[in-house]
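Participant: Need a 3D model of the sequence below.
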Amino acid sequence: MPKNLILQSIFAALVLLTALAASPARADRCDDLANQLKGQIDGLRVGQTAANIIYLAHPNAHELTLGCAGRSFSNQLFAKSDRKPPKAYLDLVASAAAIIFTLPRDEMLKGVARCVKQPGLLRGDDVTSRYRRLDMRCVRTKTESSITISRSTDQ
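Facilitator: Got it, this is the predicted structure:
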């Protein structure tokens with residue numbers, strides 16, 4: 001009888017090991033996405049990962065992060081620049097968002113430019129909008145402006 005018990009426990013351990021090895025981790029997919037961004041956007045550097053956020057660096061943005069899948073969103077891109085961002089910043093954000101959300105770059109450039117132009121006297125300094133099934137939030141302060149682009153998990 002003990003020999004049969006040993007065989008059952010070995011079999012159970014193999015099944016458990018196979019199940020764990022077959023499912024890829026979420027962080028791996030996010031790291032792959034960050035490396036894909038690094039390969040396709042000139043000057044982009046991948047930094048540290050902390051709490052499902054990968055910090056990126058580029059000369060055209062003050063701050064740039066890639067948020068990995070969470071409870072309320074599948075992926076998230078956050079970028080911060082000057083109060084009146086230059087065209088190079090808009091191009092960077094549009095290129096990164098096109099890669100992350102697999103949409104055409106020209107369409108993303110339209111959406112990013114529209115979102116960045118919205119904050120102002122009439123709408124306020126914190127504007128949320130939808131574009132191509134993406135949630136876009138543009139915030140403007142006295143010295144900086146930022147954009148957050150995400151796709152909710154139910155989309």
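
Participant: Could I have the CA atoms of the helix or strand hosting residue 77 written out in PDB?
Facilitator: Using DSSP states H and E, residue 77 falls within strand 73-82. Coordinates of the C-alpha atoms in strand 73-82 are reproduced here as PDB (Å, rounded to 0.1, in the frame of the first residue of the first chain):
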ATOM      1  CA  PHE A  73      -8.100  48.000 -17.000                       C
ATOM      2  CA  SER A  74      -6.200  45.700 -19.300                       C
ATOM      3  CA  ASN A  75      -3.200  48.000 -20.000                       C
ATOM      4  CA  GLN A  76      -2.500  51.600 -19.200                       C
ATOM      5  CA  LEU A  77      -0.200  54.300 -20.600                       C
ATOM      6  CA  PHE A  78       0.600  57.400 -18.600                       C
ATOM      7  CA  ALA A  79       2.700  60.300 -20.000                       C
ATOM      8  CA  LYS A  80       3.600  63.700 -18.600                       C
ATOM      9  CA  SER A  81       5.100  66.700 -20.300                       C
ATOM     10  CA  ASP A  82       5.100  70.500 -20.300                       C
END
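
Participant: Average pLDDT for it, rounded please.
Facilitator: Strand 73-82 carries an average pLDDT of 90.

Participant: What average pLDDT does the very next helix or strand once past that strand get?
Facilitator: Sequence-wise, the next helix or strand downstream of strand 73-82 (DSSP H and E) is helix 87-101. On average, the pLDDT along helix 87-101 is 94.

Participant: same check, this time on stretch 144-155
Facilitator: When pLDDT is averaged over stretch 144-155, the result is 86.
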